[in-house]
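**Q** Next one to model:
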Amino acid sequence: MSAILDPLAARYTSWLTLPAGLVHDTSDEDPDQVRAMPIVLRVERADPPGRTPLLEAAAAAALAVCLDPRAEPGGEWHEEVTAWIAGRIRKVSRRARGAHWAAVQELPGVTVRVGDAEARALVPGRVVDSPRELSRLQISGSELPEDEPGPVPPGVPVLLLNPVVPMTAGKAAAQVGHATMLLAAALRASANEDALAKWATEEFRCAVRTPDKATWDALHPGQDPAAAWQDRRVVAVRDAGFTEVDPGTVTVLAQWP
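**A** From the prediction side, this is the model:
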């Protein structure tokens, strides 16, 4: 599989153990060069999707863009994807419906459907260059009621949302998108190419759940992310704290089956 996520794996441990104040520090950034991956959530007014399948669709779509053949060296997405991965892994979720949802299908990216839910991850780029079809979409208003998704299907990676940190569906969509990228990067770093290739054939399907606090605490890597992956096949998403949560908050624990 592609080496495109290798830089993410290389800095994972240092990011997870960085002091909380430093994860929020953007003093070295040029605002005009800030890059992000847009994730568009289809939320129709009359028939909104379930929260869990929408998050699962967003998680799969984000990774699908990164590992798409068009993101490989020589592909039309390669320059944009690699420039984004080389910096901060920002994602911005927006909601769309009707004609606006149809319009974003024309922008480069990947749409994933899970049950009654659809999400489209777009090729990342400079935020200041966002096309009108995207910039006119609202970031707020993506909240959906909690649902009861049932048991996790066997053999599926599980993305566990922090049970004590409330997040809107839009925020959670970005965080689970980070989680699938980290899982894929960890699989490559541990030379588990066969598992990653098989996951690709399954369209990067995953299960999003909210555990009880005891389960969360038992899986949390703390200050030893290498042991968490080796012993429990767990990676953690740590947020910079620009929206909704405090800097340094671990928002998602992702566990490989």
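**Q** Just the helices from the protein, written as ranges.
**A** Ranges of helices in the chain, per DSSP state H, are 6-16, 20-23, 51-66, 78-85, 98-104, 132-135, 169-189, 193-201, 213-219, 225-232.
**Q** what pLDDT, on average, does the second one get?
**A** Along helix 20-23, the predicted local confidence has a mean pLDDT of 87.
**Q** Mind listing what's buried along it?
**A** V23 (16 or more other Cβ atoms under 10 Å). Backbone N, C-alpha and C define where each C-beta goes, glycine included.
**Q** Name the surrounding residues that touch that helix.
**A** W15, R238, D239, A240, G241, D246, P247, G248 (Cβ atoms under 8 Å, 6 or more residues apart in numbering).
**Q** let's go with 6 Å and repeat that
**A** A240, P247, G248 (Cβ atoms under 6 Å, 6 or more residues apart in numbering).
**Q** Check the first one too.
**A** With contact meaning Cβ under 6 Å, 6+ apart, helix 6-16 is reached by I85, A185, A189, P225, R238.
**Q** Please apply the same query to the third one.
**A** Around helix 51-66, the neighbours that count as contacts under Cβ under 6 Å, 6+ apart are 4, 39, 41, 109-110, 112, 114-115, 117, 119, 121, 144, 147, 149, 159, 169, 172-173, 176-177, 180-181, 184, 204, 206, 208.
**Q** mind checking which helix or strand of the chain has the lowest mean pLDDT?
**A** None of the helices or strands of the chain scores lower by mean pLDDT, DSSP states H and E than helix 20-23, at a mean of 87.
**Q** for the chain, which spans come out with low pLDDT?
**A** Regions of the chain meeting the criterion pLDDT under 70 cover residues 1, 141-142.
**Q** which residue lies farthest from the center of it?
**A** Distance to the chain centre peaks in the chain at A46, reaching 26.8 Å (criterion: Cα atoms, centre = their mean).
**Q** if I look at that residue, how far off is A191?
**A** Distance, A46 to A191, by Cβ to Cβ, to the nearest Å: 48 Å.
**Q** Pick out the residue nearest the middle of the chain.
**A** Geometric centre of the chain, nearest residue: G177, 1.0 Å, by Cα atoms, centre = their mean.
**Q** which residues touch that residue?
**A** A58, A59, A62, K91.
**Q** Over to V34?
**A** Applying Cβ under 6 Å, 6+ apart, the residues near V34 are V127.
**Q** at 8 Å what do you get?
**A** V34 neighbours (Cβ under 8 Å, 6+ apart): R88, R90, R126, V127, V128.
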